[in-house]
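>>> what follows is a predicted structure for the sequence shown.
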Amino acid sequence: MSYVVPSMMLVALAAGIFSGYPVALLLGGLSVIFMVVGDVPMTSFLLVVSRVFGAVLENWILAAIPLFIFMGIMLEKSKVAASLLTELEAMFGNRAGGLGLAVIVIGIIMAASTGIIGASVVLMGSLALPMMLKQGYDKPVAIGTILGSGTLGILIPPSIMLVVFGDIMQVPIGDLFAAALFPGLLLGGLYAAYIVFLALVRPARVPPSPRTATSSFGATLLRVLANLIVPALLMSSVLVSIIVGLATPTEGAAIGALGALLLALAKGQLSFRVLGESLKETTLTTAMILVLAIGATAFSLVFQRVGGQEMIEDAVGIIGDNAALVLIAIMLIVFVLGFFLEWIEISFLVLPLFTPIVAGLDFGSGFAHSGEVLIWFAVLMAVNLQTSFLTPPFGYALFYLKGIAPPEVSTADIYRGVTPVVVMQLLGLLLVALFPALALWLPSKL
């Protein structure tokens, strides 16, 4: 079978991406062009329209995306992270590495609260980076700590990425939330271990605060718990209701959005201006995701009609039937794509192509059924795609931090700081790949 047309589609897509053309418009435009080039019947365009409405615009699950985005923005506006960072800095700041550990704890809490990388990195960069530099932290260490903890939101549930994965792969979103919890905490643990290691070996890079404590450890701990209890209850209620099946992802997201709105009101942070800004940001982010979904839906349908799926399967078949080698090849492709594309674009491009292939592979007796293979594969993809925010030249988290960093922080400092974080993320990916129980144990128990 000739694979000239699907190969041309991929080449044209790569050329368009590197030219800087908007990917969503590129996907839609190429689908129309190659319907003509590939001699696909124009009546098939009706299938594109019906699939766009049926799979995207009328998809009840995708309604959870704007609700989760709004919830995250409102939790950011409620100043939960700022209060917690102040108290944790008072509790741990007088110990070597204490402020770094406090930043990681806040990053994990923000990850479970917002799920929005831009908001987490900008917030942590604005609050913590000046504080860490003033305390004498090594610049690359401070930068890496903020970037690593700030990007956990794409993995730790409730995650917008996992909602998108569940829809594309037709996997229960509650299972994905449960599966991603331990790997997300594992990455946070690796970042914390790195800070502890530096505190023991190179304490001058993570010095303690010269200030003396103004209150007892116990009193500070009580204030931390008081600041944490309401958002913790909100997030746990959303996660538990979705994971155990008491609520759909959309219903759980609606509960979370209402709870975040009430929390901002209770803290005196809610106003018409804040509400308007939150709704505008929610609309823009949701629109970006949906336009990409529409373009990717059209592109994937035309790509399949001109023989693209068979071409991908034959290309994978060159590797052989070794499931481990196929998985390594897929992870390597996704990692390289992360240098140039966002996770949303990679998800809509790669998952429809590789999900059927992975579902048909034999990874041994460690999986009860093919559904577990897909859950494990989704978590591996999520961990892998987290690096796309941190790998130059187009790592968006790097741009977010550079935009709000003090003038003395150079681009070279940011690249040096992010390197060990990317290495730790790849180590986390390897651990989840070698020990699938890290992702599958909690879903199996539920």
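Cool, got the structure. Residues are numbered from 1 along each chain as shown.

>>> going forward, measure contacts between C-alpha atoms and count neighbours the same way
Will do.

>>> spit out the contact partners of the nearest residue to I69 once chain neighbours are set aside.
Spatially, and ignoring its direct neighbours in sequence, I69 is nearest to T282 (5.9 Å; CA to CA, 6 or more residues apart in numbering). Contact partners of T282, counting by CA atoms under 8 Å, 6 or more residues apart in numbering, are P66, I69, F70, I73.

>>> those in helices, which ones?
Members of those lying in helices (criterion: DSSP state H): P66, I69, F70, I73.

>>> which one of those sits in the busiest neighbourhood?
Sorting those by how many neighbours each has (other CA atoms under 10 Å) puts F70 first, at 30 neighbours.

>>> so that one makes contact with K280?
No - here F70 does not reach K280: they are 9.7 Å apart, not a contact under CA atoms under 8 Å.

>>> overlap in contacts of these two?
By CA under 8 Å, 6+ apart, no residue touches both F70 and K280.

>>> what about dumping the CA coordinates of stretch 268-287 to CSV?
Extracted in CSV, the C-alpha atoms of stretch 268-287 (Å, rounded to 0.1, in the frame of the first residue of the first chain):
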residue,chain,number,x,y,z
GLY,A,268,-12.9,38.6,51.1
GLN,A,269,-11.1,38.2,47.7
LEU,A,270,-14.2,38.0,45.5
SER,A,271,-15.3,41.1,43.5
PHE,A,272,-16.9,41.7,40.2
ARG,A,273,-13.5,42.5,38.7
VAL,A,274,-12.0,39.3,40.0
LEU,A,275,-15.0,37.3,38.8
GLY,A,276,-14.8,38.9,35.4
GLU,A,277,-11.1,38.2,35.0
SER,A,278,-11.6,34.6,36.1
LEU,A,279,-14.4,34.1,33.6
LYS,A,280,-12.4,35.7,30.8
GLU,A,281,-9.3,33.5,31.5
THR,A,282,-11.5,30.4,31.8
THR,A,283,-13.1,31.2,28.4
LEU,A,284,-9.8,31.8,26.6
THR,A,285,-8.2,28.5,28.0
THR,A,286,-11.3,26.4,27.2
ALA,A,287,-11.6,27.9,23.7
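
>>> and it, how far from the chain's centre?
Distance of stretch 268-287 from its chain centroid, counting by CA atoms, centre = their mean, to the nearest Å, is 21 Å.

>>> so which bits of stretch 305-324 are buried?
R305, V306, G307, G308, Q309, E310, M311, I312, V316, A323 (16 or more other CA atoms under 10 Å).

>>> separation between the second one and I312?
So that's V306. According to CA to CA, to the nearest Å, V306 stands 12 Å off from I312.

>>> try the first one
The span separating R305 from I312 equals 13 Å under the rule CA to CA.

>>> distance between the ends of stretch 151-170?
The first and last residues of stretch 151-170 sit 25 Å apart, counting by CA to CA.

>>> with stretch 430-446 instead?
25 Å.

>>> got the buried residues for it?
Those would be V432, A433, P436, A437, L438, A439, L440, L442, P443, for stretch 430-446 by 16+ other CA under 10 Å.

>>> and for stretch 132-143?
Buried positions in stretch 132-143, judged by neighbour count with 16+ other CA under 10 Å: M132, L133, Q135, G136, Y137, D138, K139, P140, V141, A142, I143.

>>> that stretch - what's its average pLDDT?
Regarding stretch 132-143, the rounded mean pLDDT is 86.

>>> now do that stretch: everything it contacts.
By CA under 8 Å, 6+ apart, stretch 132-143 touches 99-100, 129, 204-210, 409, 413-414, 416-418.

>>> check stretch 337-346 too.
23, 161, 289, 292, 334, 385-389, 391-395.

>>> return that stretch as PDB; C-alpha atoms alone will do.
C-alpha atoms of stretch 337-346 as PDB (Å, rounded to 0.1, in the frame of the first residue of the first chain):
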ATOM      1  CA  LEU A 337       7.700  16.400  20.400                       C
ATOM      2  CA  GLY A 338       7.600  18.100  23.900                       C
ATOM      3  CA  PHE A 339      10.500  20.300  22.800                       C
ATOM      4  CA  PHE A 340       8.300  21.900  20.200                       C
ATOM      5  CA  LEU A 341       4.600  21.400  21.100                       C
ATOM      6  CA  GLU A 342       2.300  21.900  24.000                       C
ATOM      7  CA  TRP A 343       0.700  18.900  25.700                       C
ATOM      8  CA  ILE A 344      -2.700  19.600  24.300                       C
ATOM      9  CA  GLU A 345      -1.400  19.400  20.700                       C
ATOM     10  CA  ILE A 346       0.600  16.300  21.400                       C
END
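
>>> remind me which residues of the stretch 151-300 of the chain are low pLDDT?
211-228, 230-232 (pLDDT under 70).

>>> can you map out the strands along it?
Counting by DSSP state E, counting those that start in this stretch, the stretch 151-300 of the chain has no strands at all.

>>> from the buried residues of stretch 132-143, which land in helices?
Counting by DSSP H, the part of the buried residues of stretch 132-143 found in helices is M132, L133, K139, P140, V141, A142, I143.

>>> just the closest of these to L263, please.
For these, the minimum distance to L263 (CA to CA) is 28.6 Å, reached by M132.

>>> ok, the closest one to P208 distance?
Here the criterion is CA to CA. By it, M132 lies 10 Å from P208.

>>> now the common contact residues for the two.
Taking CA under 8 Å, 6+ apart as the criterion, M132 and P208 both touch L99.

>>> quick one on the thing from earlier: ok, of the ones in helices among the contacts of T282, which one's closest to I33?
Closest approach to I33 among those (CA to CA): P66, at 31.7 Å.

>>> quick check: pLDDT value at that closest one.
pLDDT, P66: 81.

>>> for it, give me its contacts.
Applying CA under 8 Å, 6+ apart to P66 gives the contacts T282, T283, T285, T286.

>>> the third one: neighbour count?
The local packing count at T285 equals 15, with neighbours defined by other CA under 10 Å.

>>> ok, L442 touching A180?
No - using CA under 8 Å, L442 is not in contact with A180, being 9.3 Å away.

>>> the helix or strand where M9 lies - contacts with which helices or strands?
Taking DSSP states H and E as the criterion, M9 maps to helix 4-18. If you count contacts as 3 or more CA pairs under 8 Å, 6 or more residues apart in numbering; DSSP states H and E, helix 4-18 packs onto helix 23-37, helix 308-319.

>>> to I106, which of the ones you listed lies closest?
Here helix 23-37 is closest among those (CA to CA), at 33.3 Å.

>>> report the angle between the axes of the closest one and helix 4-18?
Put simply, helix 23-37 runs at 160 degrees to helix 4-18, going by axes from the mean of the first three to the mean of the last three CA atoms, to 10 degrees.

>>> contact partners of helix 23-37?
5, 9, 12-13, 16-17, 40-42, 291-296, 298-299, 302-303, 345.

>>> now it - C-alpha only, CSV.
What follows is helix 23-37, C-alpha atoms only, in CSV (Å, rounded to 0.1, in the frame of the first residue of the first chain):
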residue,chain,number,x,y,z
VAL,A,23,-1.5,24.5,15.3
ALA,A,24,-5.3,24.4,15.6
LEU,A,25,-5.8,26.3,12.3
LEU,A,26,-3.0,24.2,10.7
LEU,A,27,-4.8,20.9,11.6
GLY,A,28,-8.1,22.1,10.2
GLY,A,29,-6.6,23.5,7.0
LEU,A,30,-4.5,20.4,6.3
SER,A,31,-7.5,18.2,6.7
VAL,A,32,-9.4,20.1,4.0
ILE,A,33,-6.3,20.2,1.6
PHE,A,34,-5.6,16.5,1.9
MET,A,35,-9.2,15.5,1.4
VAL,A,36,-8.7,16.9,-2.1
VAL,A,37,-5.1,15.6,-2.5
